[in-house]
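Peer 1: turn this into a model:
(2 chains)
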There are 2 protein chains.
Amino acid sequence: MKLLEERIQKDGVVKAGNVLKVDSFLNHQMDIALFNAMGKEFYRLFADAGVNKIMTIEASGIGIACIAAQYFHVPVVFAKKAQSINLDGEMLSTKIESFTHKRVYDVIVSKKYLGAGDRVLIIDDFLANGCALEGLLRLVDLAGAQVAGVGIAIEKGFQKGGERIRSLGVRLESLAIVESMDEKSGQITFRT
Amino acid sequence: MKLLEERIQKDGVVKAGNVLKVDSFLNHQMDIALFNAMGKEFYRLFADAGVNKIMTIEASGIGIACIAAQYFHVPVVFAKKAQSINLDGEMLSTKIESFTHKRVYDVIVSKKYLGAGDRVLIIDDFLANGCALEGLLRLVDLAGAQVAGVGIAIEKGFQKGGERIRSLGVRLESLAIVESMDEKSGQITFRT
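Peer 2: Got it, this is the predicted structure:
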C-alpha cells in the first residue's frame, strides 16, 4: 500500500536490534486518517472472506482494528495480555513470547466472544517473528472458530513470521512488507 | 446518552465489588456502531473546545478514542502502562493506582506527542475513583499542554472520581452516569 510505505519512509526510524519505530503515526500517536485508508484497503482485500468478527491484541492493534471494522460492519474482540478481575466466565488462553518486551505472557479471550461459527479476520500493527500472531491463531482454533484471514499493517519481511504463517495456508495480507532496513543509513526497502 | 444507557441496561452485568461488566460491547468485545454514536456525541459536546489531540490510556480507551477522533479530525495518543524498549527518547511518566487490577503501575507518554500548544481531549471508557484520569491529567500538565475536556463513556456516579475531577474545574462529560447499581437484583439506575 503506497500511502503506508511512503509514510514509513518519511516518518519511520530504524533503530538497533531490527527495531522500526513508527510511533509517530502507528502505535503511540495514531494518524486516524491513515488508519481509515488502511481500513478501506483491508476491506478491499478481505471483502469476499465472509468475515463476521475482527480480532486483535492489545494495545496497538486496537485502533487499526476498530477503524477497519467500520468497513466490515462487524464487532472487534481484543485479546488481553493479563488476567483481569473484570474478566470472568470461561476464558481461552495461550502463551505468547514477546520479541519487543523479551518476556512470555498469557493472552486471553472470552469464550463468549469467540466461538464456533465465527469467521475471524485477525488484524495487527506488526508482524515480525510471528509469535503474537501464532498465539491469536491458537486462540481462534481453541474457540472452534475459523480464520478468514490475517491483515497486518507492517510486516518485517526479513524475519520468519510471514513465511511461517503463509506456509500454514493462512490468507495473510500485509499492507507494507519491509524487505530490508539499515540502522546506519536509515534506508528502508519494501518488497515489491 | 440514551443509546448507551439502554445498552448498559440490556447487556451490562452487575457483579460483586461495584463491578459493572460491559465486556460484551465496550471493553473486550467492542460494538463499533455504538462507538460511532458515542464519537458523534463527544464531538457534539466538545466541538467548540479547540481540541487538536485526543489522549487515552491503553487498552480499552483506544477504540473509543480512535472512532471519536474521526469526528474531530485529530490524532490520538495513548498513554502506555509499562516501559517498552521500542519507546525511546524522553518520556513523561506518572504512577497510577488501578482499582481493577489492585496494583500501582507506571504510565508513560512521549514528549514528542504531547507538548505545549496541545489542547487535549482525554477519552476513556470508565470513570470510577478517578485515579487513571488524574494520572492522565498529570501527564498533560507535565507536558505543558492544556486539557480541553474529558469525555467518559460510563461514569460510576456513586464513586468519587467525577466529583473530584469536576471540582478541579475540568470540563468533564460522561455519556452515562450510573447513580446506583444492585448486585442482587441486577438493577442499574442512571443519573438524570
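
Peer 1: contacting residues for A:Phe99?
Peer 2: Counting by Cβ atoms under 8 Å, 6 or more residues apart in numbering or on different chains, A:Phe99 makes contact with A:128-129, A:131. Using the backbone N, CA and C atoms, a C-beta is placed for each residue, glycine as well.

Peer 1: nearest to A:Gly63, of those residues?
Peer 2: Top of the list for closeness to A:Gly63, among the contacts of A:Phe99 and by Cβ to Cβ, is A:Ala128 at 19.0 Å.

Peer 1: tell me which of the contacts of A:Phe99 fall in helices.
Peer 2: Members of these lying in helices (criterion: DSSP state H): A:Cys131.

Peer 1: of the contacts of A:Phe99, grab the buried ones for ChimeraX.
Peer 2: Buried residues within the contacts of A:Phe99, by 16 or more other Cβ atoms under 10 Å in any protein chain shown, are selected in ChimeraX with:
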select /A:128,129
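
Peer 1: residues contacting A:Ile123?
Peer 2: A:Ile123 sits in contact with A:42, A:54-56, A:61, A:64-65, A:68, A:150-152, where contact means Cβ under 8 Å, 6+ apart.

Peer 1: partners of it in the sheet?
Peer 2: With DSSP bridges as the criterion, A:Ile123 is bridged to A:Gly151.

Peer 1: separation between it and chain B?
Peer 2: According to Cβ to the nearest Cβ, to the nearest Å, A:Ile123 and chain B sit 12 Å apart.

Peer 1: swap in A:Lys102?
Peer 2: Note on A:Lys102: its distance to chain B, by Cβ to the nearest Cβ, is 8 Å.

Peer 1: same question for A:Arg119.
Peer 2: According to Cβ to the nearest Cβ, A:Arg119 and chain B sit 15 Å apart.

Peer 1: contacts only, for that residue.
Peer 2: A:49-53, A:145-148.

Peer 1: equivalent analysis for A:Tyr43, please.
Peer 2: Counting by Cβ under 8 Å, 6+ apart, A:Tyr43 touches A:68, A:71-72.

Peer 1: I'd assumed it was in a strand, is it?
Peer 2: No. Remark: A:Tyr43 does not belong to a strand; assigned using DSSP: H, G, I helix; E, B strand; the rest coil, it is helix.

Peer 1: so what's A:Leu3 up against?
Peer 2: A:34, A:37.

Peer 1: which helix or strand contains it?
Peer 2: Using DSSP states H and E, A:Leu3 maps to helix A:2-11.

Peer 1: heading C-terminal from that helix, find the next helix or strand.
Peer 2: Following helix A:2-11 in sequence, per DSSP H and E, is strand A:13-15.

Peer 1: packing partners of that next one?
Peer 2: Secondary-structure packing of strand A:13-15 (3 or more Cβ pairs under 8 Å, 6 or more residues apart in numbering or on different chains; DSSP states H and E): strand A:19-21.

Peer 1: distance of the most centrally placed residue in chain A relative to A:Asn18?
Peer 2: Chain A has A:Asp124 as the residue nearest its centroid, 1.3 Å off, counting by Cα atoms, centre = their mean. Distance of A:Asp124 to A:Asn18, given as Cβ to Cβ, to the nearest Å: 17 Å.
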